[in-house]
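Peer 1: Next input, structure requested:
(chains A and B)
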Amino acid sequence: MCFAARTYESASQLNHQANANDDAIAVECIQIKKDFGTGSIRTQVLKGIDLKAVSGKMTFLVGPSGCGKTTLISIIGGLLTPTAGEVKLFGKSLASFSKGKLADYRSTKIGFIFQQFNLLPTLSAVENAAVSLVIQGEWFGDAIKKASVILETLELGPHLYKLPKELSGGQQQRVAIARAVVHSPKLIICDEPTASLDSTAGQQVMTLLRDVAVQPDRAVLIVTHDTRILSYADRIVKIADGRISPDMNIPKE
Amino acid sequence: MFRIAIKMLFGDFAKYIALVLGVAFSTLLINQQLGIFIGLLSRAGAIISDAPEVSLWIMDPGVRNFDTLYPLPNTELQRVRGVQGVAWAVPLFKSGASVRTRQGILEGCTLLGVDNVSLIGIPQRAILGRIEDLKLPDAVAVSADGYKRLFPGEPFELNKSFEMNDNRARVVAIIDSNPDFTSAILIYTRYRQALLYSNNGRNTMSVVVAHEAEGESAIEVAKRIEKQLGLKCLTGAQYKQAAVDFICANTGIPVSFGTVVALGAIIGVAVVALLFNLFIVENLRYFAALKALGMRNRRIIQIVAIQVALIGVVGYGIGLGAAATFFDVLPRKVPTFKGFYLPWEVALGTAVIDIIIVSISALVALRKALVLDPAIVFRG
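Peer 2: The predicted structure follows:
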């Protein structure tokens, strides 16, 4: 693995850096609470989350099932509204956006990678990768050209025109990575990117994700259960029972 | 966006075909039924249409349609001619009669006896022979489809003879005439000859056909005839409309055809809405992913609109093509179908019905995609 010899900064160093330079803060969660249900079946999933994530780093969110990781990234991605608290992306509060503006913001500033890939089964690999640009209104031909370049980088050159069902799980996830980065977003949110992959494919996807996704002006948030990939993290934030626990140490490979 | 919409639709090709066929079936059914309905109605005035030189039709005041005429005394002809503004008036005889050929074929027919001299009332479209030859003894003209029924399998040929009321009739012309409402064989002959062929009573004249003088209005002359003679007088257009109105008011035909047309539309909506709804439900996960990636609802509406538009256009095209083929081929192959056609107004009306069908289907299905919570993409 190309990151075996990487020198990892400690979580405290990263927090210190973030505090020292507010411009580098990509994601800022302030006392985020989220309730589901009403009355006697009301459940508080997030109980006051404070979190900062900086650009140029991969921040992992880990924790047991049901601890609220996915709810948190849904709120950060503007897909869910918090019951209380505020999310700021690059200094802008998501609460200030209308529904339509929030969709536009997602299409330009955020890239998503899902556990189940969610590639459109009837579009080829390159068309799927181009979807993010098409959503922004880019001409289809231009979008295909840009997507092709990214897919070449992700070693999918020979598979550009294959349908998702003709690709392996790892190849599908690489198409999803291409779709997440093709429009140069400032934040990439990944939900269990390796959960559907075997160990080799998972390592390969994470290597490529780091190579392609991590940029000085881009933050990457990854929710994962997969302990095999924790060594790729710049910071590991642990969530337990709806709250942030002290950061975990990054395992050395 | 267009490509994404089309590729999503074509991805489930079986469902796409079923959707298209749903629209096509509705289109075919509605066009075919309305075409036949309008064809039937226009047949009610076929004999009137075949005599364009006649502008005034004078008859007994009790007459409501051309198929149930009450005979007039022959003196009425002179009285009509005496009305101011009438350029000319001639008698017309219409009656049912039985025909027997030498081969033993027995058929009912509509016998039309026209003025002995002018021969007014016969369509001037002879396929074989000359209309003027009706002035010869025992001469008759037969409608083309009637000839095929009297002499099945035989080519068109003049001087064939048959028997009507113990009198010989000889075919001197074969006429391209529009079938009447009952699809009866139409036989044209001179007025006096027609009386021989039928068994009518004292009064023999069915209607008087006339034309207004130059500079006169047909409607005004018709009113004048009615006022002066106490007879009923209609212009050609009024008479055709009266025939159509009679059928609409006195038969179950409009309700019957209307029911089938309504069923066609309802089945179309049901099939297309159900299948399209299923198609959208099966794609909800991908719509959620697109929404998570930042697609606005208006883009989702565009995608669905493109998809239903394509289904509608292709389905309408296939259905209309099938209906047009039906009306093109069948009247040529089946003589009793002659005169049926597909009016452009029906094709246009069906397009409107199809737009309603696919719009309802889209609205039913679209709701699910629009209210979809994009956060479900994270729920596995």
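Peer 1: Would you map the helices across the stretch 201-350 of chain B?
Peer 2: Secondary structure of the stretch 201-350 of chain B (DSSP state H, counting those that start in this stretch): helices at B:218-229, B:236-250, B:253-282, B:284-292, B:297-333, B:344-370.
Peer 1: now chain A
Peer 2: Along chain A, counting by DSSP state H, helices occupy A:11-20, A:69-76, A:99-109, A:125-135, A:140-153, A:169-181, A:199-213.
Peer 1: can you give me how far the longest one is from the chain middle?
Peer 2: In terms of CA atoms, centre = their mean, to the nearest Å, the centre of helix A:199-213 is set 13 Å apart from its chain centre.
Peer 1: any idea of the angle that helix forms with helix A:140-153?
Peer 2: Relative orientation of helix A:199-213 and helix A:140-153, computed by axes from the mean of the first three to the mean of the last three CA atoms, to 10 degrees: 120 degrees.
Peer 1: What's the mean pLDDT across helix A:199-213?
Peer 2: The average pLDDT for helix A:199-213 rounds to 81.
Peer 1: Equivalent analysis for the fifth one, please.
Peer 2: Per-residue pLDDT values across helix A:140-153 average out to 91.
Peer 1: Pull out the buried positions in the host helix or strand of B:Arg170.
Peer 2: If you go by DSSP states H and E, B:Arg170 is part of strand B:167-175. Across strand B:167-175, burial judged by 16 or more other CB atoms under 10 Å in any protein chain shown covers B:169, B:171-175. From N, CA and C alone the C-beta is placed, and that goes for glycine too.
Peer 1: Which one of those residues is nearest to A:Ile236?
Peer 2: Here the nearest of the buried residues of strand B:167-175 to A:Ile236, counting by CB to CB, is B:Ile175; it sits at 96.9 Å.
Peer 1: hang on, the earlier thing: including distance to chain A, mean neighbour count and mean pLDDT, could the helices of the stretch 201-350 of chain B go into CSV?
Peer 2: Formatted as CSV, the helices of the stretch 201-350 of chain B follow (distance: least, CB to the nearest CB, whole Å; neighbours: other CB atoms under 10 Å in any protein chain shown; pLDDT from 0 to 100):
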stretch, distance to chain A, mean neighbour count, mean pLDDT
helix B:218-229, 63, 18, 92
helix B:236-250, 50, 17, 85
helix B:253-282, 10, 18, 84
helix B:284-292, 4, 23, 88
helix B:297-333, 7, 18, 90
helix B:344-370, 11, 18, 87
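Peer 1: Could you dump those helices into TSV with distance to B:Lys160 added?
Peer 2: Below are the helices of the stretch 201-350 of chain B laid out as TSV (distance: least, CB to CB, whole Å):
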stretch	distance to B:Lys160
helix B:218-229	39
helix B:236-250	32
helix B:253-282	35
helix B:284-292	72
helix B:297-333	23
helix B:344-370	39
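Peer 1: May I have the predicted confidence score for the residue sitting furthest away from the middle of chain A?
Peer 2: Distance to the chain centre peaks in chain A at A:Ser40, reaching 33.7 Å (criterion: CA atoms, centre = their mean). At A:Ser40, the pLDDT value in this model is 79.
Peer 1: so how far is chain B from it?
Peer 2: 23 Å (CB to the nearest CB, to the nearest Å).
Peer 1: again, but for A:Ile250
Peer 2: 25 Å.
Peer 1: Just give me the neighbour total for that residue.
Peer 2: 19 (other CB atoms under 10 Å in any protein chain shown).
Peer 1: need the contact list for it.
Peer 2: When the contact criterion is CB atoms under 8 Å, 6 or more residues apart in numbering or on different chains, the partners of A:Ile250 are A:8, A:230-231, A:233-236.
Peer 1: can the residues you listed go into a markdown table with extra columns for neighbour count, pLDDT and distance to chain B?
Peer 2: Listed next are the contacts of A:Ile250 as a markdown table, based on neighbours: other CB atoms under 10 Å in any protein chain shown; pLDDT from 0 to 100; distance: CB to the nearest CB, whole Å:
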| residue | neighbour count | pLDDT | distance to chain B |
| --- | --- | --- | --- |
| A:Tyr8 | 17 | 38 | 28 |
| A:Leu230 | 17 | 85 | 20 |
| A:Ser231 | 18 | 85 | 24 |
| A:Ala233 | 26 | 86 | 20 |
| A:Asp234 | 22 | 87 | 23 |
| A:Arg235 | 24 | 89 | 21 |
| A:Ile236 | 21 | 90 | 20 |
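Peer 1: Where strands are concerned, which of the residues you listed count?
Peer 2: Using DSSP state E, the members of these that fall within strands are A:235-236.
Peer 1: of all the contacts of A:Ile250, which two lie farthest apart?
Peer 2: Maximum distance among the contacts of A:Ile250 (CB to CB): 12.5 Å, for A:Ser231 and A:Arg235.
Peer 1: for the residue farthest from the centre of chain A, what are its contacts?
Peer 2: A:Ser40 makes contact with no residue, according to CB under 8 Å, 6+ apart.
Peer 1: and chain A, which residues reach chain B?
Peer 2: Residues of chain A found near chain B (CB under 8 Å from any CB of the partner chain) are A:70, A:73-74, A:77, A:79-80, A:100, A:103-108, A:110, A:112, A:114-116, A:118, A:120-123, A:127, A:131-132, A:134-136, A:140, A:179, A:191.
Peer 1: partners of the very next helix or strand once past the strand holding B:Arg170, with directions?
Peer 2: Later in the chain than strand B:167-175, the nearest helix or strand by DSSP H and E is strand B:185-190. Strand pairing for strand B:185-190, using DSSP bridges, gives strand B:106-114 (parallel), strand B:139-143 (antiparallel).
Peer 1: What lies in contact with the last one?
Peer 2: Outside of strand B:139-143, the residues within contact range by CB under 8 Å, 6+ apart are B:122, B:126, B:129, B:131, B:133-134, B:150, B:169-177, B:179, B:185-190, B:193.
Peer 1: hey, C-alpha coordinates of it in PDB?
Peer 2: Extracted in PDB, the C-alpha atoms of strand B:139-143 (Å, rounded to 0.1, in the frame of the first residue of the first chain):
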ATOM      1  CA  ALA B 139     -82.500  -0.800 -67.800                       C
ATOM      2  CA  VAL B 140     -81.200  -0.500 -64.300                       C
ATOM      3  CA  ALA B 141     -77.900   0.700 -62.700                       C
ATOM      4  CA  VAL B 142     -76.500  -1.200 -59.800                       C
ATOM      5  CA  SER B 143     -74.100  -0.100 -57.100                       C
END
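Peer 1: Could you check how far it is from the centre of its chain?
Peer 2: The answer for strand B:139-143 is 25 Å, by CA atoms, centre = their mean.
Peer 1: List the buried residues for it?
Peer 2: Residues B:139-143 are the ones in strand B:139-143 that count as buried (16+ other CB under 10 Å).
Peer 1: picking up where we left off before, quick one: which of the helices of chain A is nearest B:Gly215?
Peer 2: Using CB to CB, these put helix A:140-153 closest to B:Gly215, at 69.6 Å.
Peer 1: Which strand or helix spans the residue most central in space within chain B?
Peer 2: Closest to where the C-alpha atoms of chain B average out (CA atoms, centre = their mean) is B:Gly39, at 0.9 Å. According to DSSP H and E, B:Gly39 maps onto helix B:13-43.
Peer 1: just checking, B:Arg15 touches B:Leu274?
Peer 2: Check again: residue B:15 is Lys, not Arg. No - B:Lys15 lies out of contact with B:Leu274 (CB atoms under 8 Å); the separation is 10.7 Å.
Peer 1: thinking again about what came up before, of the helices of the stretch 201-350 of chain B, which approaches A:Ile150 most closely?
Peer 2: Comparing the helices of the stretch 201-350 of chain B by CB to CB, helix B:284-292 comes nearest, at 18.1 Å.
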